[in-house]
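Chemist: Let's see this in three dimensions:
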Amino acid sequence: MIIGQPGAGKSTLAREMGRILDLPVFHIDHIHWMPGWRERPREDKTRLCREVHALDRWIFEGGHSVTWPERLARADMLVWIDLPISLRLWRVTRRGLRKEHRPDLPADCPERLDPEFLRWIWATRHSARINCARLFQGAGDDKRRFHLRNPRAVRGFSVALAYARRKGTLG
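Modeler: As a prediction, this is how the structure comes out:
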């Protein structure tokens, strides 16, 4: 389970972890959005998240925090990418200006620079971080937890994960 705020790199890390661990990757944006940037009804999002949780193996990145307790109960690892707001806003702005294709977005949801989204990121910078911290701190001792606070830590985590996989020491 990977959590963090927009622009933190959750989707990128999820794809990398999926490649390293040979696990299917699920992105909340595929559940949250329907084609054409239409938001899916809350009940449908909850149902779709639960369908992912019910699978035996997965990497699931992103929000819909109402389902976090269930997701965490099924996860064996929790990764919190907790990057500074300035870096996250820069990343979101850059990808919007570049109109980068993101595989974590559904069909017919082209990347865009959305001032409303940038305002939402800014407005929720404290509350969303508090929610992530609360989940992270409340995770049981049976969960492997990783709090990654900068891009170097994220890269180091990926390298260490790949090394552990090659050596057969993931546990």
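Chemist: State the distance from residue 98 to residue 161.
Modeler: 28 Å (C-beta to C-beta, to the nearest Å). (Glycine included, C-beta is placed from N, CA and C.)
Chemist: Kindly apply the preceding question to residue 126 instead.
Modeler: For residue 126 relative to residue 161 (C-beta to C-beta), the value is 30 Å.
Chemist: Run through the residues that contact residue 126.
Modeler: Residue 126 makes no contacts at all, as judged by C-beta atoms under 8 Å, 6 or more residues apart in numbering.
Chemist: and if you look at residue 170?
Modeler: So, once contact is read as C-beta under 8 Å, 6+ apart, residue 170 ends up touching 21, 161, 164.
Chemist: Please tell me which one of those residues counts the most neighbours.
Modeler: residue 161 (19 neighbours; other C-beta atoms under 10 Å).
Chemist: Residue 93 and residue 112 touch, don't they?
Modeler: No. Applying C-beta atoms under 8 Å as the test, residue 93 and residue 112 come out as separate, 11.1 Å apart.
Chemist: Comparing the two, which residue is more hemmed in?
Modeler: When residue 93 and residue 112 are compared for neighbours, residue 93 comes out ahead with 16 against 11, by other C-beta under 10 Å.
Chemist: Show me what counts as buried in stretch 83-102.
Modeler: 83, 88-89, 91-93, 95-96 (16 or more other C-beta atoms under 10 Å).
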